[in-house]
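Q: Generate a structure from the sequence data that follows.
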Amino acid sequence: MFENIPNFPLKIEKMLYDGPNGIYKNGAPDGSRPGIFYANVNSKVPTFDMAALLLHETDPGHHLQDSYALTAQGIPIFRKVTDFSKYFGVPLHFPFYTAYSEGWGLYSEDLGEDLNIFKDDMERFGKYGLEIFRAARLVVDTGIHAKNWSRDHAIEYMTNYTAYTPEFIAKEIDRYSTWPAQATTYMIGKLKIRELRKRASERLCNFEKDKLIKPLHSVILSNGAMPISVMQDEFNEWIKMELLKNVRKGTCVKDVTDRVEQFHNIQSFVIFMCTFIAVLYTTDV
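A: Predicted structure coming up:
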């Protein structure tokens, strides 16, 4: 599902404090430090979602995402490397494109299905459990910051509707309380990436045959961190180039001619309306 995969190392190490189940720290641009996944072994944490979490944090998630960015050509350093020194210093953090970064993380969990990563029902339960968790926190994020929910109300809601303990959820609620809309932005990014993939499969008749999922992923990953609007612009340019290739090769001609015919129909309609309005205006005068 990927092409020109960067050869950037990854290590798994013990988390030095009792935090989330696991987090990823990107590697150094010069390769002197590998990407590192820190696993929480300091307290009893759920393990049923570990397969989905590793997909999100390592490959094809943040580690692969950062590996492409670190080796990308022609983009500034702030798009290659995320500065985590002020990660929790909102709003003082240097522009951090959460929808792009974390949207890819959530999308990577879905790729686990395409890659046949989930080996048993428990791992699939973990993946679906995380999906429910992300849905519930959309409600909580809105509740806290728009509906004046209390901390206890938010904890109770997520305890009732997810597979996680109140102790685990309490840490998450404290995070959402101090970082408005951050949890919501994860889902915004994922939905946009899935939308672009769907549009590509609909507009390019050779999407499956020529395995264009690979260059599509490259468009998303090889340009480094960026706003969602910029990612969509890059996607639109890629679609134009692929359609042009199909014209030159004589493939998907029907798709192209249909669009040309559609354009001419719209053009004809616009000309008709302009003429109609001009006639009405002339008659009135």
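Q: Report pLDDT for G27.
A: Note for G27: predicted pLDDT of 88.
Q: what's the spacing between it and G103?
A: Separation of G27 from G103 (CB to CB, to the nearest Å) stands at 21 Å. Quick note: C-beta positions are derived from backbone N, CA and C, even for glycine.
Q: Comparing the two, which shows the higher neighbour count?
A: Remark: of G27 and G103, G103 carries more neighbours, 24 against 21, as counted by other CB atoms under 10 Å.
Q: And the pLDDT at the residue lying closest to the more buried one once chain neighbours are set aside?
A: Nearest residue to G103, sequence neighbours excluded (CB to CB, 6 or more residues apart in numbering): G189, at 1.7 Å. G189 is assigned 97 on the pLDDT scale.
Q: which residues touch M241?
A: By CB atoms under 8 Å, 6 or more residues apart in numbering, the contact list for M241 is empty.
Q: Same check on D18?
A: Counting by CB under 8 Å, 6+ apart, the residues that D18 touches are 40, 42-43.
Q: Give the helix, strand or coil label for it.
A: The three-state assignment at D18 reads coil, by DSSP: H, G, I helix; E, B strand; the rest coil.
Q: Next, K211: phi, psi?
A: phi 50, psi 50 (degrees, to the nearest 10).
Q: correction: S150
A: Main-chain torsions, S150, degrees, to the nearest 10: phi -80, psi 160.
Q: And for it, the neighbour number?
A: As a burial measure, S150 scores 12 neighbours (other CB under 10 Å).
Q: And the pLDDT for it?
A: 97.
Q: what does the one 3 residues further on give?
A: If you check H153, the pLDDT there is 97.
Q: Enumerate every residue touching it.
A: Taking CB under 8 Å, 6+ apart, we find H153 in contact with G143.
Q: so is it in a helix, a strand, or just coil?
A: helix.
Q: Report the separation between it and L191.
A: Note on H153: its distance to L191, by CB to CB, is 27 Å.
Q: any idea which residue sits dead centre in this structure?
A: Residue closest to the mean C-alpha point of the chain, counted by CA atoms, centre = their mean, is G103 at 2.2 Å.
Q: Look up how far E131 lies from that one.
A: G103 is 14 Å from E131, by CB to CB.
Q: Now do the SS call for T184.
A: T184 - assigned by three-state DSSP - is helix.
Q: quick one: contacts for it?
A: Shown in contact with T184 (CB under 8 Å, 6+ apart): 137-138, 141-142.
Q: domain parsing for this structure?
A: Following automatic domain parsing, one finds the domains of the chain at 10-242, 253-284.
Q: least reliable of these going by mean pLDDT?
A: Mean pLDDT is lowest for domain 253-284 among these, at a mean of 60.
Q: What segments of the chain are strands?
A: Secondary structure of the chain (DSSP state E): strands at 10-14, 22-25, 35-39.
Q: Output the second one in CSV, but only the C-alpha positions, please.
A: Output for strand 22-25, consisting of C-alpha atoms alone and laid out as CSV, is shown next (Å, rounded to 0.1, in the frame of the first residue of the first chain):
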residue,chain,number,x,y,z
GLY,A,22,1.9,4.3,24.6
ILE,A,23,3.3,7.2,22.8
TYR,A,24,5.6,7.8,19.8
LYS,A,25,8.6,10.2,19.7
